[in-house]
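**Student:** what would the 3D arrangement of this be:
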Amino acid sequence: MNEYDKLYIDGEWVTPLAGEPFEVVNPATEDLCARISLGSAEDVGCAVRAARRAFPIFSTSSKAFRIALLERIVKAIASRTPELAAAVTQELGTPVNAMIHIDGAIATFKQAIKTLSEYEFESRVDGNIVRREPIGVCGLITAWNWPVQLLCTKLSAALAAGCTVVAKPSEFTSITAIKLTEALHAAGIPRGVFNLVLGDGATVGSAITKHPDIELVSFTGSTKAGILVAQAAAPTVKRVCQELGGKSANIVLRDADLREAMRWNVARGFANSGQSCHAPSRILVHEAQLGEALRHIRAAVAEVRVGDPLDPATTMGPLVNRAQFDRVSAYIERGLSEGARLVCGGLGRPEGLRRGYFIKPTVFADVQPHMIIAQEEIFGPVLSVMTYETEEEAVSIANATPYGLGGFVFTRDREKGLSIGRQIRAGRVFLNGSPSNMAAPMGGYKQSGNGREMGVFGLEEYLEVKAMIGFDDAA
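**Tutor:** Numbering: from 1, shown residues only. Presented below is the predicted three-dimensional model:
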């Protein structure tokens, strides 16, 4: 069993001033696989002081300097792909052949390089100089479901902007964050610019959120936790950016390729074991096409291979931990009690699996918009099939949750798809399964969060706007 007993502060691996040990459990075997040392509020204080010392120099560094740093980071992460991937598999249970976690992380830094190269930090507006300047020390708090990409999305934008960072990953995926930090150190990130404090939300997360010398907190996690972050940050009037929960709908219009739409929805909905905020967990099909849609869904689900994430044939691994296993199981039980019709899956582990936090790929039909499984984020491999009579009804159902993170439309008519997409109240809407990209801003409407990540909009979250009046000679 591996021991990880250090934090990364001011360019060095240091022993926590105070804190508790935390045992990391392999979700596929339920065996203890590592032990880490959690930090404390005192450790957060040390990290913030280091970041504050580094800020004056780093915030005034040239674009060329920061681009060169980002380029070195890309190379350092790429060179450590096998060990990063192994950590994700060990902690999260991601199948060993799924490289989306590492590829996504690298893509965020490449996009930051492109965005920074093209971005102008100073402009002229009606005789005034308008500057965008780094906001300051930033606290980055990330969830466990995309342990590399989430942190890299935030970090790449913060570094491009010229900010310094104190990061807290989820305690359930800290080994992945440690491996990433080793890559940053090897890339020559300046002392104090990036600091890693492991810990839980109640201790380290709270200390970051409340600290008066942190100017921005960027948080990814549940809506419930996001509310607590906003409340804790309010007394210091710091900026809070949040990417929270989702309950995304996939509106499949009557003219769509129904087989392709269902196969894509199953693949995307069960990716990462359904532990994705953007998962298309509600499938909206026309009432006349329900039977055909369910036939395609059953065929697609039959191809899902749940099992040992170290087996190259596996396409879906376990959930991250016992709490998540119990949570998802409770939602499946709730769906049954609410009267939804079980199409695939159900309670209990898949056949042949006696250990590990494995869940059967589950699909419900006859789901009504008011049901709990249609309203709340389950965060597991559970899909709800719902029917509509008119396109207006489909849009109304899609928008009838507290969330607004993602939306999906399938149709052969691009103009109709564009019309439907404009009516969906969500931060990102995809047509016909189009792949995501890092230039498009990501964020939510309603209780799915505030602020944006990725591309220009993500960069500007880490910048303040300064108006300089009377300084323009041309005025």
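
**Student:** so where do the helices sit in the stretch 151-300 of the chain?
**Tutor:** For the stretch 151-300 of the chain, helices defined by DSSP state H, counting those that start in this stretch occupy the ranges 174-186, 206-210, 223-233, 258-270, 290-302.

**Student:** nearest to Q447, of those helices?
**Tutor:** Nearest to Q447 among the helices of the stretch 151-300 of the chain is helix 223-233 (4.9 Å), distances taken as CB to CB. In this view, the C-beta of every residue, glycine as well, is placed from N, C-alpha and C.

**Student:** which of the residues in that closest one are buried?
**Tutor:** Applying a neighbour-count criterion of 16 or more other CB atoms under 10 Å, one finds T223, A225, G226, L228, V229, A232, A233 buried in helix 223-233.

**Student:** what does it contact?
**Tutor:** For helix 223-233, contacts defined as CB atoms under 8 Å, 6 or more residues apart in numbering pick out 141, 201, 205-206, 209-210, 217, 219, 221, 240, 242, 244-245, 377, 402-403, 447-449.

**Student:** any idea how far that helix is from the middle of the chain?
**Tutor:** Computed by CA atoms, centre = their mean, to the nearest Å, the chain-centroid distance of helix 223-233 equals 17 Å.

**Student:** where do the domain boundaries of this protein fall?
**Tutor:** Following automatic domain parsing, the chain resolves into domains at 2-244+448-468, 249-443.

**Student:** including mean pLDDT, could these go into a markdown table?
**Tutor:** Shown next, in a markdown table, are the domains of the chain (pLDDT from 0 to 100):
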| stretch | mean pLDDT |
| --- | --- |
| domain 2-244+448-468 | 97 |
| domain 249-443 | 98 |
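
**Student:** excluding its backbone neighbours, what's nearest R428?
**Tutor:** Counting by CB to CB, 6 or more residues apart in numbering, G406 is the residue found nearest to R428 once chain neighbours are left out, at 5.0 Å.

**Student:** scratch that, Q242
**Tutor:** Closest to Q242 by CB to CB, 6+ apart is G449, at 4.0 Å.

**Student:** my guess is the one you found meets G443, correct?
**Tutor:** Yes. G449 is in contact with G443 according to CB atoms under 8 Å; the separation is 5.8 Å.

**Student:** okay, and the common contacts of the two?
**Tutor:** With CB under 8 Å, 6+ apart as the test, G449 and G443 both reach C241, E243, L405, G427.

**Student:** still on that earlier bit, so for G449 and G443, which sits in the more crowded spot?
**Tutor:** Higher neighbour count among G449 and G443: G449, with 28 against 23, using other CB atoms under 10 Å.

**Student:** any idea how far that one is from G455?
**Tutor:** G449 sits 16 Å away from G455, going by CB to CB, to the nearest Å.

**Student:** repeat that for D366.
**Tutor:** Applying CB to CB to D366 and G455 gives a distance of 40 Å.

**Student:** neighbour count winner among those two?
**Tutor:** For D366 versus G455, neighbours defined as other CB under 10 Å are more numerous around G455 (19 against 16).

**Student:** picking up where we left off before, can the buried residues of helix 223-233 go into CSV with extra columns for distance to Y8?
**Tutor:** Formatted as CSV, these follow (distance: CB to CB, whole Å):
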residue, distance to Y8
T223, 30
A225, 24
G226, 26
L228, 26
V229, 23
A232, 24
A233, 24
